[in-house]
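In: got a predicted structure plus its sequence, pasted below:
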Amino acid sequence: MVTSKCVLVVEDIESERQIIYEALREIDLGLEVLNADSVQVAKELTASHDIEIVVLDRMLSDNVDGLSYLVWLDELEIPRPGILVTSSLSSVHDHVLGLDSGADDYINKPFEFAELCARLRAVARRVQTQRSPTSVFFFGGLEVRTTSKTALVNGDVLTLQPKSFQLLQALTMRQGEWISRKALWHEVWPDYRNLAPQDAPINNAISRLRGALAAVDDAPQILSEDYGYRLAHCAPE
């Protein structure tokens with residue numbers, strides 16, 4: 001569920017994170033502050049919150065370059081938050097790479113407090129005021145992108161028919177909670193919502209989606225009961 005507008009600080013070093021927090025308090029943007037210490041956590045927070053500004057380090061705890069988060073944002077095809085990269089990778093090449101990857105600004109570490117505040121204010125001025133609805137959902141390693149109608153497991157694209165994607169989206173939005181056959185019917189087959197849920201289309205679609213998920217390592221599985229379905233993480237072997 002999307003909450004209030006936020007600043008996302010993607011930084012894994014506590015001392016530097018505190019300086020950024022202090023700068024954000026100084027300029028007082030009136031935004032909730034969230035923290036991620038890895039690219040994956042940054043993605044998940046972006047999926048579940050209304051992110052206005054991102055302060056992005058490049059060298060993170062998961063050993064993934066923070067710029068890969070910008071690539072991921074591009075793939076979502078949604079309005080971007082304002083991005084300030086803060087990094088000890090300070091060559092001209094690094095600056096060009098960061099800006100070409102979609103950052104609004106790039107500041108070297110260690111940074112001067114006054115300059116950090118000024119650059120944050122500048123990024124805030126450029127932030128788009130209108131945000132889009134949530135367009136990406138995560139369930140473990142599963143990522144469902146509703147704008148581009150794409151689903152991935154640990155970065156690998158799933159090959160899905162349109163109905164299978166709609167079905168997976170409905171299940172993923174529930175985050176492991178049950179969805180009834182009736183609710184599933186109304187969401188995935190809206191043109192026939194005045195009919196009682198039809199067993200054959202639902203069963204066939206569930207079977208196809210299960211087959212697609214089973215073909216990918218670490219994909220979630222679909223559990224079923226008489227009243228409905230839910231996603232579950234695969235049990236370790």
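Out: That came in fine, so what should we check first? Numbers count the residues shown, from 1 in each chain.
In: buried ones in the longest helix anywhere in the chain?
Out: Secondary structure assigned by DSSP state H gives helix 199-214 as the longest helix of the chain. By neighbour count on 16 or more other C-beta atoms under 10 Å, the buried set for helix 199-214 is 202, 205, 206, 209, 212, 213. From N, CA and C alone the C-beta is placed, and that goes for glycine too.
In: now the end-to-end length of stretch 99-109.
Out: One end of stretch 99-109 to the other measures 16 Å (C-alpha to C-alpha, to the nearest Å).
In: residues contacting residue 202?
Out: Residue 202 sits next to 181, 184, 185 when contact means C-beta atoms under 8 Å, 6 or more residues apart in numbering.
In: so which of the residues you listed comes closest to residue 80?
Out: residue 184 (32.9 Å; C-beta to C-beta).
In: where along this structure do the helices fall?
Out: Along the chain, counting by DSSP H, helices occupy 14-27, 39-48, 67-76, 92-100, 113-126, 162-173, 181-188, 199-214.
In: beta-bridge partners for residue 105, please?
Out: For residue 105, the beta-bridge partners under DSSP bridges are residue 84.
In: ok now stretch 204-213, how far from the chain's centre?
Out: Centroid displacement of stretch 204-213 relative to its chain, using C-alpha atoms, centre = their mean, to the nearest Å, is 24 Å.
In: what mean pLDDT does that stretch have?
Out: Mean pLDDT, stretch 204-213: 95.
In: same question for stretch 171-189.
Out: The model assigns stretch 171-189 a mean pLDDT of 90.
In: which residues does the closest residue to residue 83 other than its chain neighbours contact?
Out: Nearest non-adjacent residue to residue 83, counting by C-beta to C-beta, 6 or more residues apart in numbering: residue 103, 4.5 Å away. Residue 103 makes contact with 56, 67, 70, 83, 84, 85 under the criterion C-beta under 8 Å, 6+ apart.
In: count the residues that sit near the closest residue to residue 162 other than its chain neighbours.
Out: Spatial nearest neighbour of residue 162, excluding adjacent residues (C-beta to C-beta, 6+ apart): residue 149 at 7.4 Å. Residues lying near residue 149 (other C-beta atoms under 10 Å) number 12.
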